[in-house]
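> What follows is a protein structure lacking sequence information:
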């Protein structure tokens with residue numbers, strides 16, 4: 001009985017994970033969302049932030065940005081402003097924003113994995 005349940009779980013779980021990760025915002029939707037919630041502090045291009053202490057988002061690795069947003073939302077990473085913003089975002093919006101900012105040109109010296 002336990003083996004059957006385990007096998008069913010192993011068969012279904014990858015599908016659930018893939019479906020969740022596969023959907024994210026389109027490039028245009030992500031750009032619009034970035035202009036709504038990110039640009040006021042990080043700049044429209046993800047480079048020219050309002051304050052020098054705000055991080056450059058453009059060119060960062062998408063998985064890093066996505067994880068940072070999830071951590072702000074869960075409280076694992078502490079910043080009151082970012083927690084409030086990330087708290088309003090869905091998983092697909094976080095993934096779309098992460099992919100969008102990762103695709104932008106950056107002054108950072110970051111080598112991207114191909």
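Structure received. Source: prediction; values computed, not measured.
> Quick check: which ranges of this protein have low pLDDT?
1-2, 4-23, 110-114 (pLDDT under 70).
> tell me, what residue is most central in it?
In the chain, the residue lying closest to the centroid (C-alpha atoms, centre = their mean) is residue 66, at 2.7 Å.
> And it, how close does it get to residue 96?
9 Å (C-beta to C-beta, to the nearest Å). C-beta coordinates here come from the backbone N, C-alpha and C atoms, glycine included.
> Name the nearest residue to the residue nearest to the centre of the chain, sequence neighbours excluded.
Distances taken as C-beta to C-beta, 6 or more residues apart in numbering place residue 98 nearest to residue 66, at 3.8 Å, with adjacent residues excluded.
> Count the neighbours of the one you found for me.
By the measure other C-beta atoms under 10 Å, the count of residues near residue 98 is 25.
> Over to residue 33?
With other C-beta under 10 Å as criterion, residue 33 counts 18.
> cool, and residue 79?
By other C-beta under 10 Å, neighbour count at residue 79 equals 12.
> now swap in residue 52 and tell me
7.
> Which of the three states applies to it?
Following DSSP: H, G, I helix; E, B strand; the rest coil, the label given to residue 52 is coil.
> Then the one 3 residues further on?
When states are read from three-state DSSP, the local structure at residue 55 comes out as coil.
> residues contacting it?
42, 49 (C-beta atoms under 8 Å, 6 or more residues apart in numbering).
> rerun that using 7 Å as the cut-off
Residues near residue 55 by C-beta atoms under 7 Å, 6 or more residues apart in numbering: none.
> Pop out the phi and psi values for it.
phi -70, psi 150 (degrees, to the nearest 10).
> returning to what we had before: so where does the residue nearest to residue 66 fall, helix or strand?
helix 91-103 (DSSP states H and E).
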